[in-house]
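Enquirer: Got a predicted structure plus its sequence, pasted below:
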Amino acid sequence: MVAKRKSSRPAWSDVKASVADIEQGKLIQIIGDLYRLSKENQDFLHTRFSIGDDPLKPYKQIIKACMYPNVMSNKPIRIQEAKQAISKYSKAIGDRLGEAELMIYFVECGNEFTVDFGDIDEGFYDALLGMYDRAIGKILKLPEEEQNEFRKRMEKIMVSSEGMGWGYYDGLCDLYYDGFSDDE
C-alpha cells in the first residue's frame, strides 16, 4: 500500500528534512542551480558570503529606482519594493551597519525626490518618517564610533526638508531630537 501524501502545501521543514541527507557535492550543485535561477538569488548569495566589492550596491540600486524613479519614463514611486530590498538584505546577512545605511539611503532618496519635484502625499511622507524612525533605532544600537556619520546624514535630511508639507519636517525634527537627545 502506498502512503497518502498530505494535502497541505510543502513547507520549509519538508525541504529541510530532504536536504539533511544530501552529500556536499549535490548540495553545491543545487545552490548553483538556485544561483543561476535569478538575479535576486545571486544578490542574496553574494551578500550572505560577502562576495564582491559592495554588497549593498544591488539593494541601493533597487531603493534608488523605487524612491527616486525616472519621471521622464513615467515610473511610479514603489515604496513597498524599496522596503523589501532592505528586508532582503537583512535576511541575507543581518548586518546592522548595512541595514542602517540602506534605511538612511531610502529616506535620502525619497527626500531628494520631494526636494526636486515638490510635495507628494501623506502616505509617502508617512513611509519616509517611519523609515527615518527605524533608522534612528538601528543607529542607536550601533557602537558609538559608528553612529557619528549616520547622525550627520540624518540631520542633513531633517534640515533639507524644511518647508515640506504634510507635517514631514516637524515629524523629522521630533524624531531626530527625541532619538538623539544627547546632541547639543
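Expert: Arrived safely, thanks for sending.
Enquirer: could you pull out the helices for the chain?
Expert: 12-19, 24-37, 39-48, 57-67, 79-93, 96-117, 122-140, 144-160, 168-179 (DSSP state H).
Enquirer: how about the ones you listed in TSV, adding mean pLDDT and distance to Ser73?
Expert: For the C-beta atoms, the positions are set from N, CA and C on the backbone; glycine is no exception. Listed next are those as TSV, based on pLDDT from 0 to 100; distance: least, C-beta to C-beta, whole Å:
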stretch	mean pLDDT	distance to Ser73
helix 12-19	85	38
helix 24-37	90	28
helix 39-48	88	20
helix 57-67	97	10
helix 79-93	96	16
helix 96-117	96	14
helix 122-140	96	19
helix 144-160	96	25
helix 168-179	96	26
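Enquirer: Can you add mean neighbour count and give those back as JSON lines?
Expert: Formatted as JSON lines, those follow (neighbours: other C-beta atoms under 10 Å):
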{"stretch": "helix 12-19", "mean neighbour count": "10"}
{"stretch": "helix 24-37", "mean neighbour count": "11"}
{"stretch": "helix 39-48", "mean neighbour count": "16"}
{"stretch": "helix 57-67", "mean neighbour count": "20"}
{"stretch": "helix 79-93", "mean neighbour count": "18"}
{"stretch": "helix 96-117", "mean neighbour count": "20"}
{"stretch": "helix 122-140", "mean neighbour count": "19"}
{"stretch": "helix 144-160", "mean neighbour count": "15"}
{"stretch": "helix 168-179", "mean neighbour count": "17"}
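Enquirer: Contact partners for the residue nearest to Ala85 when sequence neighbours are not counted?
Expert: Leaving aside its chain neighbours, Ala85 sits nearest to Ile62 (4.0 Å; criterion: C-beta to C-beta, 6 or more residues apart in numbering). By C-beta atoms under 8 Å, 6 or more residues apart in numbering, the contact set of Ile62 is Glu81, Ala82, Ala85.
Enquirer: what do you get for Ala100?
Expert: Going by C-beta under 8 Å, 6+ apart, Ala100 touches Ala135, Lys138, Ile139, Leu142, Phe150.
Enquirer: Tyr168 too?
Expert: Contact partners of Tyr168, counting by C-beta under 8 Å, 6+ apart, are Thr114, Tyr125, Leu128, Leu129, Ser161.
Enquirer: mind running it again at 10 Å?
Expert: Tyr168 makes contact with 110-111, 114, 119-120, 122, 124-126, 128-129, 132, 158, 161-162 under the criterion C-beta atoms under 10 Å, 6 or more residues apart in numbering.
Enquirer: same question, Glu23
Expert: Here Glu23 is in contact with Gln29 (criterion: C-beta under 10 Å, 6+ apart).
Enquirer: any idea how far Lys16 is from it?
Expert: In this view, Glu23 and Lys16 are 16 Å apart by C-beta to C-beta, to the nearest Å.
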